[in-house]
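Engineer: Fold the stuff below for me.
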Amino acid sequence: MVTVTAPALDAAPPALDPYAAGCPSRRLLDRIGDRWTVLIVGSLGAGPLRFSDIRRRVEGISQKMLTQTLRGLERDGLVTRTVFAEVPPRVVYELTEAGETLRTPLRALEEWSIAHFGQVSGAWAEYDERAGGGAED
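Structural biologist: All right, here's what the predicted structure looks like:
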C-alpha cells in the first residue's frame, strides 16, 4: 500500500525569484514588460474595447501580434474576452481586477518615458556619435 500525502493547505508557496532562469515568475515579468502589453493594458484602462478599437488605438501592432498578446493576457487572467451572440458576433475585451491593478505601475512607466524622452534621446545621439553607428531600437 502506497500512501500519498497532500501538501498542507497552509504551506508557504515556493519562493519566486524572477532572476532565476527557471522561475515561473519570469514568464509573467516578460509578459507585463512587453511593449504591446503595456500599450494594450493602457488602452483598456478606459473601459472595454473591441479588437478593432484596440488595433486603432495601438498604432503599429499587427493583427497577429494583437491576437497573440490578447490571448496571453486572457490566459494570465489580466483580460477577459466576452463574445456576444449577435450577427455578426461582437467580441469585447476588458481588464480583469488583476489587470486593473497592473494599470498603476504601467502608467508610471508610460509617464516616465514621456518625462525622460528628451534626456534619453540626447543620450542616443551622443552614443551614436561616439560609436559612429546608426540608432538601434
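
Engineer: Which residue ranges of the protein form helices?
Structural biologist: With helices called from DSSP state H, the chain shows them at 25-33, 35-44, 51-57, 63-75, 97-115, 117-131.

Engineer: Now the third one: average pLDDT?
Structural biologist: This means helix 51-57. With pLDDT averaged residue by residue, helix 51-57 scores 97.

Engineer: how about that helix as CSV, C-alpha atoms only?
Structural biologist: Below are the C-alpha coordinates for helix 51-57, written out as CSV (Å, rounded to 0.1, in the frame of the first residue of the first chain):
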residue,chain,number,x,y,z
PHE,A,51,-10.5,44.2,-31.2
SER,A,52,-10.6,46.8,-34.0
ASP,A,53,-10.8,49.6,-31.5
ILE,A,54,-7.7,48.3,-29.7
ARG,A,55,-5.9,47.9,-33.0
ARG,A,56,-6.7,51.5,-34.0
ARG,A,57,-5.6,52.8,-30.6
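
Engineer: related to what we said a few turns ago, tell me which of the helices of the chain sits most buried.
Structural biologist: Sort those by mean neighbour count, taking mean count of other Cβ atoms under 10 Å, and helix 35-44 sits at the top with a mean of 20. Where you see a C-beta, it was placed from the backbone N, CA and C, and this is true even at glycine.

Engineer: Quick one: work out the angle between it and helix 63-75.
Structural biologist: Taking axes from the mean of the first three to the mean of the last three Cα atoms, to 10 degrees, one finds helix 35-44 and helix 63-75 inclined to each other by 70 degrees.

Engineer: Please consider this matter closed, and thank you.
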